[in-house]
Structure formats: structure tokens, C-alpha cells
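Enquirer: got a sequence here, can you build the structure:
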Amino acid sequence: MGRDRLGPITPLPINARELRGLHAVLLFGGSFDPPHTAHVAAGEMARDRLYGDRGWLLFVPAARSPSKRVDSGTSAQSRLRMLCLATASVIQLNGATRCSVWADEIDRAKLSAARADATPSYTIDTVRRLRTLLPSRIAIRLVVGSDQAAEFHRWRQPRNLLTLARPLVLLREPIDTPAALWTAMSRSRFWSTDELRTWCECVAPVPLMANSSTALRGAIERRRLSQAVRLGLSPSVAAYIRNEGLYGVRRSKARAKP
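Expert: Numbers count the residues shown, from 1 in each chain. Next up is the predicted model:
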């Protein structure tokens, strides 16, 4: 197990044999509160179109996002479990591998909390830790939604982060074209023309990502799990939400406490 100033690094869920053939790891971070099928489908499509069987999709659930001031109250462990269920459902459906979940951010948050010095989950720390576990020949691509790209100048050490991991932008409304991405990112006056051009060149060759965790959570909180499944919630994740009584859903009788 590796280690840095933040503590032990969670072992990478990619074995040595699988690493040998890789050209890139696509790091897809987020709250995943809850995860939806578009997260997995868009990530897998980007991986396959850009790298074929030489790419790996690595999901990293955030322990505590510094960009989000309000959360659903769902525990980190529940979000981790839901993400594992969501990725397993897609893998079972198409028979593909080259996709896994890395719990490093959640694991290091536990250690931080035990030391009573809890800090937000910064992506640059995650990328630096991942870099120590990968051969130098394997590139890291940082998967971000276009809405996140528009706010990327607010992230910790944004330019340093991009020297470690080239972005891969998933378009989503209302920033749904490269031209809209350019316009949205230029408003900050943080990026140079060359940098904006690079960002637009990094748009993933996949369809618009329409679903959102916010819409799923809204349907779930209205007690409409079946609607949430139609919107992109994996049935296995829906069952977990029902069994655990998450998002205000009444816990299934089989799991209810006396």
C-alpha cells in the first residue's frame, strides 16, 4: 500500500496483468448521490471510443465535495455501495470489465475524521495519489461534466491539476456544445485562448449526458422509485435505497427494525 502526507493510499482495484495493457485511466469523480446509469454508460462509451480495450474507467466517490454546500445526508458508505451496484449492473449487462470503483477519498476521510482534522476532498490530491500507483506510461484523464468545467477555475490548483490529468468533458445541458463550453468558461476570464481551445478539444465523443442525480433524488424523495428507475436509476440501486430507507423512502418490511 502506498502512502503520502494524507495517509495510506487505498489499493488500486486494477491488477498488475490488467495494468500492463493500459494506455489511460479515466478518473470519474463525484458525489454519486445517487449514481445513475448515464454516469456509467457515458464513461464507458468515452473510454471505448478513445482507447478501446486499452482504457480503464475508474469511479471515485467523493467523501465531501468542497463545491457542494448541501448534501442529502446519505452516508459515504451508502453512496459507495450504490456506485458499486450501479457499475456491476452495467458490467453484467454488456459483459465488459475495465471499470471499477476506487474508495480512496472515502477511506482517507475516515482517517482524517479519526484525527479530528476533517478536510474537503480535493481532486488534485486524489490525482497525485493515483499517479503514484500507475506506471508513468499510463495517462490519467479527468472526466468532468461541462457544468463542472465551467467552474473549474474555482477548483484547487486548477492549472497544476491539468498538468497531471488532461480533462475529458462530458457535455450536458445547458452547456451542450463545444461553443457553449467556450462561452461558459470564458466568462471567468481565467483561461487563455489557447487553454479554452484545449478544453474544447477535450470534449468526449459521446452523446449529451441528459440524466442527473438531482432529478433522480427529486423523484425518490417524492416516493416515486419507479419513476426514478425510468429516469436512469439502476433497479439494484433502487432496491438498495428501498431496503436501507434512504432519501426518506420507507424502509422495506423485510429490513425494517422492530
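Enquirer: contacting residues for residue 238?
Expert: Applying Cβ atoms under 8 Å, 6 or more residues apart in numbering to residue 238 gives the contacts 225, 228-229. Glycine gets a C-beta too; all of them are placed from N, C-alpha and C.
Enquirer: make JSON lines from the residues you listed and add pLDDT to it.
Expert: Output for these, formatted as JSON lines (pLDDT from 0 to 100):
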{"residue": "225", "pLDDT": "84"}
{"residue": "228", "pLDDT": "84"}
{"residue": "229", "pLDDT": "85"}
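Enquirer: could I have the buried ones of those as PyMOL selection syntax?
Expert: Buried members of the contacts of residue 238, identified by 16 or more other Cβ atoms under 10 Å, are gathered into one PyMOL selection as follows:
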select buried, resi 225+228+229
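Enquirer: how far away is the residue nearest to residue 149 when sequence neighbours are not counted from residue 123?
Expert: Closest residue to residue 149 apart from its sequence neighbours, by Cβ to Cβ, 6 or more residues apart in numbering: residue 169 at 5.2 Å. For residue 169, the distance to residue 123 (Cβ to Cβ, to the nearest Å) stands at 15 Å.
Enquirer: and for residue 217?
Expert: Counting by Cβ to Cβ, the gap from residue 217 to residue 123 is 22 Å.
Enquirer: of these two, which one has the most company?
Expert: The residue with more neighbours, out of residue 217 and residue 123, is residue 123; 26 against 20, by other Cβ atoms under 10 Å.
Enquirer: which pLDDT value does the model give the more buried one?
Expert: On pLDDT, residue 123 comes in at 95.
Enquirer: and what of the one 4 residues further on?
Expert: According to the per-residue confidence, residue 127 scores 98 in pLDDT.
Enquirer: could you confirm it falls within a helix?
Expert: Yes: in this structure, residue 127 lies within a helix as judged by DSSP: H, G, I helix; E, B strand; the rest coil.
Enquirer: make residue 1 into 43 and carry on from there
Expert: Taking 43 as the first residue, the last one we looked at is residue 169.
Enquirer: tell me the contacts of it?
Expert: Residues near residue 169 by Cβ under 8 Å, 6+ apart: 69, 182, 184, 203, 206-207.
Enquirer: which among those count as buried?
Expert: Buried members of the contacts of residue 169, counted by 16+ other Cβ under 10 Å: 69, 182, 184, 203, 207.
Enquirer: the last one contacts residue 184, correct?
Expert: Read it as residue 207. Yes: counting by Cβ atoms under 8 Å, residue 207 does reach residue 184; the two are 4.0 Å apart.
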